[in-house]
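[1] could you look at this predicted model? Sequence included:
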Amino acid sequence: MDPWGARTPYAAGEQWPERHDEYTTEPPERWVRSASLLHSNGDGIDIGVRGNRIVGVRGRAGDRVNRGRLDVKDRYGWQANARPDRLTRPLVRDGGELRECGWDEAMGRIVERSRQLIAGPGGWGRFGFYTTGQLFLEEFYTLGVIGKAGLGTPHMDGNTRLCTATSAAALKASFGTDGQPGSYTDVDHCDAIALWGHNVAETQTVLWMRMLDRRAGANPPAMLAVDPRATPVALEADVHLPIRPGTNLALMNGLLRLMLRHGWVDKEYVSRHTVGLEKLEQVVDAYPVEHVARICDLKTAEIERAAELLGTAERLLSTVLQGFYQSHQATAAAVAVNNLHLLRGMLGRPGAGVLQMNGQPTAQNTRETGADGDLPGFRNWDNPSHVRELAELWNVDMATIPHWAPPTHAMQIWRYAEQGSIELLWISGTNPAVSMPDLARIRRILARPELFVVVQDIFPTETSEFADVVLPAATWGEKTGAFTNADRTVHLSEKAVDPPGEARADLDIFLDYAARMDFRDRDGRPLIHWTDPESAYAAWQRCSAGRPCDYTDITYDKLRGDSGLQWGGERLYTDGVFNTRSDYCETYGQELSTGAERPAAEHHGDGRAFLLATGYSPAPEAPSDDFPLRLVTGRTVTQFHTRTKTGRVPELDREAPGPWIELHPDDAAAHGIHDGDPVRVESARGAIEVPARVCGIRRGVVFVPFHYAAEAANELTLTAWDPVSKQPLFKLCAVRVRGKV
Ligand SMILES: Nc1nc2c(c(=O)[nH]1)N[C@H]1C(S)=C(S)[C@@H](COP(=O)(O)OP(=O)(O)OC[C@H]3O[C@@H](n4cnc5c(=O)[nH]c(N)nc54)[C@H](O)[C@@H]3O)O[C@H]1N2
Ligand SMILES: Nc1nc2c(c(=O)[nH]1)N[C@H]1C(S)=C(S)[C@@H](COP(=O)(O)OP(=O)(O)OC[C@H]3O[C@@H](n4cnc5c(=O)[nH]c(N)nc54)[C@H](O)[C@@H]3O)O[C@H]1N2
Ligand SMILES: [Mo]
């Protein structure tokens, strides 16, 4: 299977040519507007419909994101919607067994338990919500209001904590608020692309097509890849740094030092638009290239070549993803990429941009609307006037809205559930029994009899097996809503067909809960006064007004045009004025090495960006005699996450039906392992058995894809997270391997 298709080369400054991708199993009677769902690229897609069935998809040629192209998972993945094992009725647990029931009974149980908890000691503190980056904007906003103004609990987060919490944290730290500075059109203009821990070829295939098309045209951009594996991106790049896992920050500090030493600095930009240069210079001065080469196990010449590529580019585009976000010192390393762009004045003009990428299709909305615990509209929990704005908008007491401490992050929510202070855990659109680190622990928590577990999903999953109530959801193609991609492009996805059986849109489930709980505002009116996607969207538009992610002008009507629309315009910060003003910013900042929150009094933001730096420290779980290898985990092009969709579609499943382990030939030989042999992989927490793939990975490093529930990579991973973003370290644990005797 060729996931990238035919090249349509183009030169710098030209518009990316259209390509008309389409896949149908029967001729559609009509096409319904939507966008891609199995990654964060936000490709404009039409759903082909016949009767009440989805029969195919096509890329929308007029869309700014994909210009007609389809990702391979989108091409086939829709077929999962119609699989016969969809959840079609609610389930409740009786006498240890799950049995089917009606909505009244299922919701009744949740409401009864909720009321008991509210009346008892602990109140709102007993509730935890663990949601996703895959529902729609309207659903997240509604859930956020239920949590913050209905129940008043700070214990709400998304699996976005596992995914792009570091993107948000790095953007807030450098620029004042979340929100992507760059644009995909920067690919059309740049003369260099740096991919920091981002296997874009396999994870945002359409964005990669755009990069490859520039590389195939006149004046192609140079390319740098930083990844311990020989990924398709690394093979294409002009410079590949096969970095030792967990040492990104040391590399970044070394590269920043080289920018300063060589004078690859836009002095005017730095002095007008940034603060913190002196401290940055002090920190990075301790990273001469020989020192960095030792820490990262790279050659000095390679690092110098990378620095030259970065330092001499006139239009530099960077993308950052999980090789940074899920590794050691995640936020500090991602912030260092922002520093690089600030030093070089590489922001806010065509071709000069940073994409602190997202992963899930709607992760941006989880963060914007507050379903990740943050206050909606990128408001600052520590700024009383931001909290007051929300109290007025929702017409509730300021004291109801949790703002006495930062919101509870997902890893802490799970810890509270483990310790017993959280007694109701409502899981929507995520499958933690496969995707969380250290699965033996997660199963223990989910199995605690005191914990009331609600699972809202479209299929039975490894997680729903532990549920007390299972709620069957409608999904993409069966419900209407908006969502926003990694470069701030908003799309509308409209209902194409009816959901199976009694399955309901997630929005309707949350609205039903709010109605049954009878949440009221200060004047006794219903707190949640919207009733459908469009009225929910209108409520969100009001909430976002005046904030960086202002949706006021992006109406459903306008979203029905040819292309998705970006909030904030094509690029942010075109005038070099950042969102750091103390009365406007989303955070007063955190200390980069410890995560300690800075008090308001110490924040002096005035529209200039912050250059923030800290030193490298070794990662927590270093290889030892017992566990001598470093395990990194990640993705493969045809599978999505825990495979509830891609595993049910033959065209995708057969491409990668089971897990494997990638080993360097020397490591394989040292253990007497040949390609295809079964390998037992053990960490301090668990063990799996998977076949070997001997290939181009760093010596001493092994890779296992995390998609598979059986022999899951997360049996091995550890519970540890970045101190600033609280994102878990999925890409770093010590293991040993054994060939079968
Ligand atoms: N096919 C497919 N596409 C997807 C998804 C999917 O499941 N399948 N999921 C979507 C989601 S939610 C996300 S978050 C994105 C993730 O997209 P990516 O971040 O591109 O994917 P990963 O494979 O998790 O990790 C990227 C790379 O990080 C490298 N890496 C590991 N450790 C280090 C390190 O210490 N330093 C550096 N520099 N690199 C390191 C790995 O070798 C890996 O190649 O993909 C999205 N797109
Ligand atoms: N070891 C390791 N672990 C990782 C990662 C890694 O790189 N390595 N990556 C992490 C990252 S970046 C991510 S994003 C997570 C992903 O991890 P998860 O979010 O747990 O994975 P998914 O399989 O996407 O789970 C989504 C669930 O939502 C259901 N669903 C789909 N559509 C709908 C809908 O419309 N409504 C509802 N209610 N449910 C729906 C699906 O059936 C599925 O069960 O995994 C993380 N875990
Ligand atoms: Mo993700």
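    Looks like it arrived, so ask away. Ligands and ions are numbered 1, 2, ... in the order given.
[2] give me the contact list for stretch 282-289.
    Outside of stretch 282-289, the residues within contact range by CB atoms under 8 Å, 6 or more residues apart in numbering are 250, 253-254, 256-258, 260, 300, 303-304, 613-616. Placement of C-beta: from N, CA and C, glycine included.
[3] could you export it as PDB, CA atoms only?
    Taking C-alpha atoms only, stretch 282-289 is exported to PDB below (Å, rounded to 0.1, in the frame of the first residue of the first chain):
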ATOM      1  CA  GLN A 282      23.700  31.800  30.300                       C
ATOM      2  CA  VAL A 283      21.800  28.500  30.200                       C
ATOM      3  CA  VAL A 284      22.800  27.400  26.700                       C
ATOM      4  CA  ASP A 285      26.400  28.500  27.100                       C
ATOM      5  CA  ALA A 286      26.900  25.300  29.100                       C
ATOM      6  CA  TYR A 287      26.200  23.200  26.000                       C
ATOM      7  CA  PRO A 288      29.200  23.200  23.700                       C
ATOM      8  CA  VAL A 289      28.700  20.900  20.700                       C
END
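[4] tell me the buried residues in that stretch?
    Val283, Val284, Tyr287, Val289 (16 or more other CB atoms under 10 Å).
[5] how much space between the second one and Ala371?
    Yep, that's Val284 we're talking about. Separation of Val284 from Ala371 (CB to CB, to the nearest Å): 37 Å.
[6] do the same with Val65
    Taking CB to CB, one finds Val65 at 23 Å from Ala371.
[7] more crowded one of the two?
    Between Val65 and Ala371, counting by other CB atoms under 10 Å, Ala371 is the more crowded of the two (32 against 28).
[8] wait, a strand at that one?
    No. Counting by DSSP: H, G, I helix; E, B strand; the rest coil, Ala371 is not found in a strand; it is coil.
[9] can you tell me the closest non-neighbouring residue to it?
    In space, and not counting its chain neighbours, Ala371 is closest to Phe140: 3.9 Å by CB to CB, 6 or more residues apart in numbering.
[10] my guess is that neighbour meets Thr366, correct?
    Yes. With contact defined as CB atoms under 8 Å, Phe140 reaches Thr366; the gap is 5.4 Å.
[11] common neighbours of these two, please.
    Common contact partners of Phe140 and Thr366 (CB under 8 Å, 6+ apart): Thr131.
[12] spell out which parts of this protein neighbour ligand 2.
    Taking CB under 6 Å from any ligand atom as the contact definition, the chain meets ligand 2 at 132, 134-135, 159, 162-163, 322, 326, 359-360, 428-432, 435, 456-459, 461, 473, 475, 506, 633-634, 641-642, 644, 706, 713-714, 717, 730.
[13] let's go with 5 Å and repeat that
    Proximity of the chain to ligand 2 (CB under 5 Å from any ligand atom) is limited to residues 159, 162-163, 359-360, 428-431, 435, 456-459, 461, 473, 475, 633-634, 641-642, 644, 706, 713-714, 730.
[14] show only the entries of those residues found in strands.
    Cross-referencing the residues of the chain next to ligand 2 against strands under DSSP state E gives Ser428, Gln456, Asp457, Thr633, Gly634.
[15] which one of these is nearest ligand 1?
    Ranked by distance to ligand 1 (CB to the nearest ligand atom), these are led by Gly634 at 2.4 Å.
[16] and for that closest one, the neighbour number?
    With other CB under 10 Å as criterion, Gly634 counts 23.
[17] do the same with the one 3 residues further on
    Neighbours of Val637 under the rule other CB under 10 Å: 20.
[18] roughly how far apart are it and ligand 3?
    Separation of Val637 from ligand 3 (CB to the ion, to the nearest Å): 15 Å.
[19] do I have it right that that residue meets Val206?
    No. Val637 is not in contact with Val206 according to CB under 8 Å; the separation is 12.0 Å.
[20] and the two most separated of the buried residues of stretch 282-289?
    Using CB to CB, those reach their maximum pairwise distance at Val283 and Val289, which is 15.7 Å.
[21] now do the SS call for the residue nearest to Ala371.
    Taking three-state DSSP, the label given to Phe140 is helix.
[22] how about the residues of the stretch 301-450 of the chain near ligand 3?
    Applying CB under 5 Å from the ion, one finds that the stretch 301-450 of the chain approaches ligand 3 through Gly359.
[23] which parts of the stretch 301-450 of the chain are helices?
    322-325, 330-343, 363-369, 384-394, 410-419, 432-435, 439-446 (DSSP state H, counting those that start in this stretch).
[24] quick one: closest of the ones you listed to ligand 1.
    The minimum distance between ligand 1 and those falls on helix 322-325, with 2.3 Å, by CB to the nearest ligand atom.
[25] burial of the residue nearest to Ala371, as a residue count?
    Neighbours around Phe140, by other CB under 10 Å: 36.
[26] what's the answer for the one 3 residues further on, then?
    Residue crowding around Leu143 was assessed by other CB under 10 Å; the count is 28.
[27] Three-state assignment for it, please.
    Leu143, by the three-state scheme (three-state DSSP), is helix.
[28] contact partners for the closest residue to Val200 other than its chain neighbours?
    Ranked by CB to CB, 6+ apart and with sequence neighbours excluded, the top spatial neighbour of Val200 is Trp208, at 4.8 Å. Trp208 is in contact with Trp4, Val200, Ala201, Pro232, Val233, counting by CB under 8 Å, 6+ apart.
[29] mind putting those residues in a markdown table, pLDDT, secondary structure and neighbour count included?
    Shown next, in a markdown table, are the contacts of Trp208 (pLDDT from 0 to 100; DSSP: H, G, I helix; E, B strand; the rest coil; neighbours: other CB atoms under 10 Å):
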| residue | pLDDT | secondary structure | neighbour count |
| --- | --- | --- | --- |
| Trp4 | 98 | coil | 18 |
| Val200 | 98 | helix | 24 |
| Ala201 | 98 | helix | 23 |
| Pro232 | 98 | helix | 19 |
| Val233 | 98 | helix | 25 |
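[30] tell me the one of these nearest Thr408?
    The nearest member of the contacts of Trp208 to Thr408, counting by CB to CB, is Val200 at 32.2 Å.
[31] that closest one touches Leu207, doesn't it?
    Yes. Counting by CB under 8 Å, Val200 touches Leu207, with 5.6 Å between them.
[32] need the overlap of contacts for those two.
    By CB under 8 Å, 6+ apart, Val200 and Leu207 have these common neighbours: Thr319.
[33] can you map out the helices along the stretch 601-741 of the chain?
    650-653, 665-670.
[34] pick the most deeply packed of these.
    Highest mean neighbour count of the helices of the stretch 601-741 of the chain: helix 650-653, a mean of 17 (counted as mean count of other CB atoms under 10 Å).
[35] gap between the two ends of stretch 430-447?
    For stretch 430-447, the first-to-last residue distance is 17 Å (CA to CA, to the nearest Å).
[36] perfect, that will be all.
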